[in-house]
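Undergrad: take a look and give me a structure for this.
(one chain, ligands or ions: 1)
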Amino acid sequence: MSKLEIVRLGHPALRSKSKPVTKREIATKDFQKFVDELAAICDKNNGAGIAAPQVGVNKRVIVVHVDPNNPRYPGKKPFPLAIIINPKVISSSKRIKEDWEGDLSCGLRALVPRPDKCVVIGLDRDSNPVKYDLDYDFHARVFQHEIDHLDGVFLIDKVKRVDTISEIAEWEKYWKNKKI
Ligand SMILES: [Zn+2]
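TA: Take a look at the predicted model:
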């Protein structure tokens, strides 16, 4: 059973810059247990991803997992569970796309503009270098969203159309089926 808990918007961990993880720390039992718990809490809450600051831990670790059965993201291409340590966006497309984003740390959704493709590098849980060429926009979006968390950036910071910032119930009612 995971003892981690998701912290909510307003918690200082969500607004702090997270520290890189050393290879030495990655190899520890505690860290390996932490990433397993982080992945479990993401799945349990039907997240497409999670970042360590969302459980109050300011370390540069993200999880991405787009499960085809996730009710929050119907119709999105799956992305197998990935744990990325010290992730970094090394390039992104010029083309910007607006799409809906939500977050496990608040009950809000909003339209967020982001590059629709990007390339991310980092380390896996065995400290091997990894590189993700993300040319499917939703996957590129999730990675960028989670990496933003490591720098204390929250989705609402990036919103251009502030009228779209919605509580879930209002989003379902007024925005879900609206052409944007
Ligand atoms: Zn988030």
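
Undergrad: and the longest helix for the protein?
TA: Among all segments of the chain classified by DSSP state H, the helix with the greatest residue count is helix 29-44.

Undergrad: and the next element down the chain from that helix?
TA: Scanning forward in sequence from helix 29-44, with DSSP states H and E defining helices and strands, the next element found is strand 49-51.

Undergrad: by contact count, what packs against that next one?
TA: Based on contacts counted as 3 or more Cβ pairs under 8 Å, 6 or more residues apart in numbering; DSSP states H and E, the elements that strand 49-51 packs against are helix 29-44, strand 61-66, helix 137-150. C-beta: built from backbone N, CA, C; applies to glycine.

Undergrad: make TSV from those and add mean pLDDT and distance to residue 167 to it.
TA: Formatted as TSV, these follow (pLDDT from 0 to 100; distance: least, Cβ to Cβ, whole Å):
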stretch	mean pLDDT	distance to residue 167
helix 29-44	97	22
strand 61-66	98	24
helix 137-150	98	19
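
Undergrad: ends of stretch 111-127, what's the gap?
TA: End-to-end distance of stretch 111-127 (Cα to Cα, to the nearest Å): 35 Å.

Undergrad: remind me, longest strand of this protein?
TA: strand 79-92 (DSSP state E).

Undergrad: for this protein, give me the ranges with low pLDDT.
TA: For the chain, residues meeting the criterion pLDDT under 70 lie at 1-2.

Undergrad: would you mind measuring from the residue nearest to the spatial centre of it to residue 178?
TA: The central residue of the chain, meaning the one whose C-alpha is nearest the mean C-alpha position (Cα atoms, centre = their mean), is residue 146 at 2.9 Å. Residue 146 sits at a distance of 27 Å from residue 178 (criterion: Cβ to Cβ, to the nearest Å).

Undergrad: equivalent analysis for residue 92, please.
TA: Distance of residue 92 to residue 178, given as Cβ to Cβ: 27 Å.

Undergrad: what's the answer for residue 167, then?
TA: Note on residue 167: its distance to residue 178, by Cβ to Cβ, is 16 Å.

Undergrad: kindly report the same for residue 113.
TA: Using Cβ to Cβ, one gets 17 Å for the distance from residue 113 to residue 178.

Undergrad: with residue 12 instead?
TA: With distances taken as Cβ to Cβ, residue 12 is found 35 Å from residue 178.

Undergrad: so these two - more neighbours on which side?
TA: Taking residue 12 and residue 178 together and counting by other Cβ atoms under 10 Å, residue 12 has the greater number of neighbours (11 against 8).

Undergrad: right, I'll call it a day here.
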